[in-house]
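Novice: 3D, please:
(one chain, ligands or ions: 1)
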Amino acid sequence: MNFHTRKWVKPEDLNPNGTLFGGSLLKWIDEEAAIYVITQLGNKRVVTKLISEINFVSSAREGDVIELGITATEFGRTSITLRCEVRNKITRESILTINRMVFVNLSAEGKPTPHGKTQITYMDAPTRFAA
Ligand SMILES: CC(=O)SCCNC(=O)CCNC(=O)[C@H](O)C(C)(C)COP(=O)(O)OP(=O)(O)OC[C@H]1O[C@@H](n2cnc3c(N)ncnc32)[C@H](O)[C@@H]1OP(=O)(O)O
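Specialist: Residues are numbered from 1 along each chain as shown. The predicted structure follows:
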């Protein structure tokens, strides 16, 4: 799994107990996962269909640097399934895991449409996007 995106936990990201608010973290993950899917499928019209059990393993605190890791685990006909882990960049302590995030590839009309991909594309070459 590649950990590309890093976030610096700031005061506005905290819950009233002074630790990273789960909702802020989930927003970052959903966006990061959507961007991952957009680049894998070469289509900007993708939606989150399902997020499986979310395991908040440990807390992050103000000033922590965290990193988000995402990898594709399954390519369906119109869907793609990802696995996600968030960890502390410095200590490598796990902060969150999600076993399954399912995204669906949509047509210009907003209907599920085959994406034709069967394996992870490594981003050496520029992605060709659907019109
Ligand atoms: C990034 C964002 O913020 S997106 C915003 C939040 N997300 C949304 O608004 C999406 C709202 N949901 C929808 O519009 C619809 O449910 C759609 C278009 C995603 C899917 O509609 P459906 O009628 O379920 O489509 P359909 O039955 O053809 O299934 C499409 C794919 O999703 C998969 N799927 C459907 N339901 C589920 C489910 N509960 N769990 C896992 N996969 C599912 C199907 O297996 C299929 O994948 P495949 O073609 O690879 O086999």
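
Novice: pLDDT at the residue in the chain positioned nearest to the ligand, what is it?
Specialist: For the chain, the residue positioned closest to the ligand under Cβ to the nearest ligand atom is residue 76, at a distance of 2.1 Å. No exception for glycine: its C-beta is placed from N, CA and C like everyone else's. pLDDT, the model's per-residue confidence, is 98 for residue 76.

Novice: Likewise for residue 61?
Specialist: Residue 61 carries a pLDDT score of 97 in this model.

Novice: residues touching the residue nearest to it when sequence neighbours are not counted, list them.
Specialist: The shortest distance from residue 61 to any residue other than its chain neighbours is 5.8 Å, reached at residue 19 (Cβ to Cβ, 6 or more residues apart in numbering). Contact analysis of residue 19 by Cβ atoms under 8 Å, 6 or more residues apart in numbering lists 59, 60, 61.

Novice: quick one: which of those is nearest to residue 31?
Specialist: Minimum distance to residue 31 across the contacts of residue 19 is 17.4 Å, recorded for residue 60 (Cβ to Cβ).

Novice: Tell me what the closest residue to that closest one other than its chain neighbours is bridged to.
Specialist: The shortest distance from residue 60 to any residue other than its chain neighbours is 4.0 Å, reached at residue 20 (Cβ to Cβ, 6+ apart). Residues in a beta bridge with residue 20, per DSSP bridges, are residue 14.

Novice: Thanks again, I'm all set now.
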